[in-house]
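Student: What follows is a predicted protein model with its sequence.
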Amino acid sequence: MSDAPAPEERLSYRLISGADNREFCERISNALAEGYVLHGSPAATFNGTSVIVAQAIVLPSAIASADAAVATAVDQLDAAGDLEFDGEGHA
């Protein structure tokens, strides 16, 4: 029995963090195997003892959904193109 969540239970976005070691890399590798993709560059810091890293991951469907929402918003702005921009952020 797999302990991976069912597709409908998976979060669209996750931030995985921890010590920069094999366990962290395995967690990222497992998420990639579950269908997540890396989102942005990893972040790293030093806590005085060890390097702590973080990597954002997203499901591709979340990216597609966000892209579609942006495209819709742009289309709506284009449709309202007859409004004049006053330079203050107001049409």
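Tutor: Cool, got the structure.
Student: After the helix or strand where Ala31 lies, which helix or strand is next?
Tutor: Using DSSP states H and E, Ala31 sits within helix 22-33. The helix or strand immediately downstream of helix 22-33 is strand 37-46, counting by DSSP H and E.
Student: So what touches the next helix or strand after that next one?
Tutor: Scanning forward in sequence from strand 37-46 by DSSP H and E, the next helix or strand is strand 51-58. For strand 51-58, the surrounding residues in contact (CB atoms under 8 Å, 6 or more residues apart in numbering) are 12-20, 24, 28, 31-32, 36-40, 42-46. Every residue, glycine included, has its C-beta placed from N, CA and C.
Student: same deal with stretch 63-76?
Tutor: Ser12, Val37.
Student: gap between Ala68 and His39?
Tutor: 17 Å (CB to CB, to the nearest Å).
Student: and the residue nearest the centre of the chain, bridged to which residues?
Tutor: With distances taken as CA atoms, centre = their mean, Val58 lies nearest the centre of the chain, 4.2 Å away. When assigned by DSSP bridges, Val58 has beta-bridge partners Tyr13, Val37.
Student: Look up how far Thr49 lies from it.
Tutor: Remark: distance between Val58 and Thr49 (CB to CB) = 30 Å.
Student: Only alpha carbons, please: show the helix holding Ala31 as CSV.
Tutor: The C-alpha coordinates for helix 22-33 follow below in CSV (Å, rounded to 0.1, in the frame of the first residue of the first chain):
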residue,chain,number,x,y,z
ARG,A,22,20.3,12.6,1.0
GLU,A,23,17.0,12.5,2.8
PHE,A,24,16.1,16.0,1.4
CYS,A,25,17.1,14.9,-2.2
GLU,A,26,15.0,11.7,-1.8
ARG,A,27,11.9,13.8,-0.7
ILE,A,28,12.3,16.0,-3.9
SER,A,29,12.9,12.9,-6.0
ASN,A,30,9.7,11.2,-4.6
ALA,A,31,7.7,14.3,-5.3
LEU,A,32,9.0,14.4,-8.9
ALA,A,33,8.0,10.8,-9.3
